[in-house]
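Q: quick one: sequence and predicted model below, then my questions.
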Amino acid sequence: MTDLAIPSLLLSKLQELESTGTHPPLFIEVGDTVVPIALNRSAQLSKQQKTPGQSPNTPLASEPNILLLLSQEQLEYWLERPESSFCNTFTCLSETQSPRADLSALSDKSRVLATTPQRAIDHIRRDNIFLSSTTTVVLAYSFIQEAEETEEQMKVREFAFLDDCRFVFTKLNPTVQIELFTDTLSHLARTPEELVEHPVTVLQSEWELPAHLLECYTIPRLATARILDTLYALQGQQYLVIHRTEVLWKTLDKRLRASIPPIPAIGIGFDRLSSLKESDAIQVGTLVAIGLNSGELLSVIRHVGEWKNVLPRFVCIATAEEAKEITTSKETPLMNNETKPIPENNEVLAGKIQMLVAKLNIDSNPEELETLKKIIKKNVPFFRRGYFTAYILRELLGGPEKRTAGKPRAVAAQATEKPAPAAKKSAAKAPREAREPREPREKEQNDAPIPEGARTLYLNIGKMRRLYAKELSQILQDQLAISREDIFSIRVHDKYSFITLSQEHADKAIEKMNGMDIRGRIAAISYSNKE
C-alpha cells in the first residue's frame, strides 16, 4: 500500500487492545505519518478478517467491513500518486467524481471503502451505503492547507470533518471499533469526550521506541585485557554483558572476578536473548554488547526497549572495523551513535577508584574500617595522609605510569624497575620470562630489507599520547587490511611517528587514516619530508 508500515510496537499495542475486547474509540498519536499508517492499518484489518474457505472479495463496497475516512485533499493526493496502489486495494469514493461513478464503484467487491465523511453521509442518506456489516472505522485526521486558504478557514474544515464523522458513528453498531489516527491530540479543538463517549487515548509515548544513545568503544581486537580496561573506565557498578561466544565470556568472566577490584557482571549469549527478562536487569545500570554486529545490536535494543521499568545505559565494544559497520549501517536507525577511543590509563584508574568508593558505601564491616582509620590516624601524619592513600592505591591498582596495556599488575611493576649496573650482565643471561619486561618497542620492523619504492609516512601522534609501535601496527593492519609483514618499519618518537609501507599501502593509509581518532587525537598522516 505504502512504503511505511505500522511500527511494530504500535501494532502490538493495538493487538493488545483488541485481545481485551476494547470497543470504545481509539485516539492514537502517530506523529507526521498519519495517512500512511491509517492506510496500512486498513489493509491489515482487511487481511485479518478473511476467513478460511471464504472468497476474499465476498462483501460489496456498499456494505464494507472497514470504513476508511480521510479529508478530500488527502484522498486526492493518494489517488494521484503514480506509485500508489490505493484503488487497487480499496474502493474509493472521491468528491470530484460523478454520482454515476460512485454507484459503479459501490458494486465492486471490496472489504474496505475509502471516502470522505461528507461523501459517506450523502450515500448513507440515499441508502447506497449500509454500515451494518462494518466492524472497524479508521480515520486519518490530517489536512493539507490549500493555496489561498487561511489557517482559520482550515480549522473550520477540521471542525466540520469531526462533526461529519460523529454523524457517521450514529449509523454504526455499538461494538464497532473506531480508530482515529492523528499527528497529535493537543491541537484538537474538541476533546475526545465531546466527539464520542468514553474513548481510549493511545499516546505516541506509550508505543514509540525511544532513541538509545549507543556508546561504541573501539579496540584493536577483542582481547580480555582491553575489554577489562573499558569496563573500568565506564565506571558502572554492575554490567549485563551480551556476547556472541561462550569461550570469550568464560575467559572474560574469570578475569572480571580475579581483577582488583572485581567487576560484578552477568553474562548472556546473544542466542539466548529471548530468555532475558526485565527482572534480570533491574539492578544493572549498564548493558554491554561485545562482538555483535549492527543487526544483532538492533535486536538487543528492540528487546530492551519493550521493558517498562528499566532503560540501561547501552555500550558496545567492537574492533574498529566492526564499529564502522555498526555506526554506518541502515540497521541502526533507532540509535544515536557516539564512537569513543580506547580509554586512557587515567580513565581506567579513575573507574577503579569510583568502584572502590561505591564498595565503601555499602561495606558490611564498617567497624573494621573504623579500626583501620584510627591506626592510620595514629601512625600517618595529617599532611602525609593524601600521599599515603595515593601510595596504597598505586600498590593495589597500579598508577598510570606503571600500567602496561594487556599485562597484569605484577608484570607492569617489573617493567619500571631497572637492574643495577652490576646486575646487567646476569640479567641478560636470565631465562626469557625472567628478563626485564619492556614498554612496547619504539621500533617494529621486519628482518627483510626495505624494498625499493617503499614510502615513509609521517604521523602526528607518538609516545606522549601513549601510542606504541605494537598498537600502531595493529591499527594499520585493521584499517588497511594488511598483515604485519606488509609493514616495513615503524619508528615511534615522543610527539610523532614514522611508518614505512609500499606505495600502494601508503596511499591507502593517507586516504583512510587522515582524521581518524587515535588515542584521543585527530590523526594527520602524510608523506615524510625526511625520506
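A: Arrived safely, thanks for sending.
Q: all contacts plus neighbour counts: C-alpha atoms, from now on.
A: Will do.
Q: contacting residues around residue 103?
A: When contacts are counted by C-alpha atoms under 8 Å, 6 or more residues apart in numbering, residue 103 touches residue 128.
Q: against residue 91, how distant is it?
A: 11 Å (C-alpha to C-alpha, to the nearest Å).
Q: stretch 127-134: end-to-end distance?
A: Stretch 127-134: ends 15 Å apart by C-alpha to C-alpha.
Q: what does stretch 468-488 give?
A: 16 Å.
Q: pull out the buried positions in that stretch.
A: Across stretch 468-488, burial judged by 16 or more other C-alpha atoms under 10 Å covers 468-469, 471-478, 480, 486-488.
Q: now stretch 238-258
A: The neighbour-count check on stretch 238-258 (16+ other C-alpha under 10 Å) flags 238, 239, 240, 241, 242, 243, 244, 249, 252, 253, 255, 256 as buried.
Q: closest to residue 354 out of these?
A: residue 238 (12.3 Å; C-alpha to C-alpha).
Q: on the pLDDT front, check the closest one for me.
A: As predicted, residue 238 sits at a pLDDT of 79.
Q: these two touch, right, it and residue 285?
A: Yes - Residue 238 sits in contact with residue 285 when judged by C-alpha atoms under 8 Å, with a separation of 6.4 Å.
Q: now for residue 501: which residues touch it?
A: When contacts are counted by C-alpha under 8 Å, 6+ apart, residue 501 touches 454, 455, 456, 457, 486, 487, 488, 489.
Q: and with 7 Å instead?
A: The neighbours of residue 501, taking C-alpha atoms under 7 Å, 6 or more residues apart in numbering as the test, are 454, 455, 456, 486, 487, 488.
Q: farthest-separated two in those?
A: Among the contacts of residue 501, 456 and 486 lie farthest apart (C-alpha to C-alpha), at 13.0 Å.
Q: show me the shaky parts of the stretch 201-350 of the chain.
A: Applying pLDDT under 70 to the stretch 201-350 of the chain flags residues 205, 207-213, 278-284, 305-311, 327-338.
Q: for it, which segments count as strands?
A: 212-218, 239-243, 265-269, 286-290, 313-318, 335-340 (DSSP state E, counting those that start in this stretch).
Q: got TSV for these, with distance to residue 23 too?
A: Below are those laid out as TSV (distance: least, C-alpha to C-alpha, whole Å):
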stretch	distance to residue 23
strand 212-218	34
strand 239-243	41
strand 265-269	41
strand 286-290	40
strand 313-318	39
strand 335-340	36
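Q: which one of these lies nearest to residue 112?
A: Nearest of these (C-alpha to C-alpha): strand 335-340, 36.7 Å.
Q: pull the longest helix from this structure.
A: helix 151-169 (DSSP state H).
Q: quick one: contacts of that one?
A: Contacts for helix 151-169 (C-alpha under 7 Å, 6+ apart): 117, 118, 121, 145, 195.
Q: looking at those, which has the most residues close by?
A: residue 117 (24 neighbours; other C-alpha atoms under 10 Å).
Q: who are the contact partners of it?
A: By C-alpha under 7 Å, 6+ apart, the neighbours of residue 117 are 69, 161, 164, 165.
Q: so residue 243 sits against residue 288, correct?
A: No - using C-alpha atoms under 7 Å, residue 243 is not in contact with residue 288; the gap is 8.4 Å.
Q: pLDDT-wise, which helix or strand of this structure ranks last?
A: Ranked by mean pLDDT, DSSP states H and E, the weakest helix or strand in the chain is helix 409-416, scoring a mean of 41.
Q: element containing residue 498?
A: Following DSSP states H and E, one finds residue 498 within strand 497-501.
Q: after that strand comes which helix or strand?
A: Strand 497-501 is succeeded, C-terminally, by helix 503-513 (DSSP H and E).
Q: which residues are in contact with that following helix?
A: The contact list for helix 503-513, computed with C-alpha under 7 Å, 6+ apart, reads 453, 454, 455, 480, 523, 525, 526.
Q: what about 8 Å?
A: With C-alpha under 8 Å, 6+ apart, helix 503-513 has contacts from 453-457, 476, 479-480, 500, 523-526.
Q: same deal with stretch 232-248?
A: So stretch 232-248 is in contact with 224, 249, 263-271, 281, 283-292, 343, 347-352, 354-355, 358, going by C-alpha under 8 Å, 6+ apart.
Q: buried members of the residues you listed into PyMOL, please.
A: Buried subset of these, written as a PyMOL selection, criterion 16+ other C-alpha under 10 Å:
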select buried, resi 224+249+263+265+266+267+268+269+270+281+284+285+286+287+288+289+290+291+292+343+347+348+349+350+351+352+354+355
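Q: break this protein down into its domains, please.
A: 8-207, 212-347, 443-527 (automatic domain parsing).
Q: dump these to a markdown table, plus distance to residue 382.
A: Listed next are the domains of the chain as a markdown table, based on distance: least, C-alpha to C-alpha, whole Å:
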| stretch | distance to residue 382 |
| --- | --- |
| domain 8-207 | 56 |
| domain 212-347 | 26 |
| domain 443-527 | 35 |
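Q: out of the ones you listed, nearest to residue 384?
A: domain 212-347 (22.4 Å).
Q: hang on, the earlier thing: residue 369 is nearest to which of the domains of the chain?
A: domain 212-347 (17.0 Å).
Q: and that closest one, how far out from the chain middle?
A: 12 Å (C-alpha atoms, centre = their mean, to the nearest Å).
Q: hang on, residue 137 in a strand?
A: Yes - counting by DSSP: H, G, I helix; E, B strand; the rest coil, residue 137 is located in a strand.
Q: please report the distance of residue 73 from residue 225.
A: Distance, residue 73 to residue 225, using C-alpha to C-alpha: 62 Å.
Q: and for residue 134?
A: For residue 134, the distance to residue 225 - C-alpha to C-alpha - is 65 Å.
Q: when these two are compared, which one has more neighbours?
A: Applying other C-alpha under 10 Å to residue 134 and residue 225 shows that residue 134 carries more neighbours, namely 20 against 15.
Q: can you pull the contacts of the residue lying closest to that one once chain neighbours are set aside?
A: Nearest in space to residue 134, with sequence neighbours left out and distances taken as C-alpha to C-alpha, 6 or more residues apart in numbering, is residue 65 at 4.2 Å. By C-alpha under 8 Å, 6+ apart, the contact list for residue 65 reads 46, 59, 111, 112, 133, 134, 135, 136.
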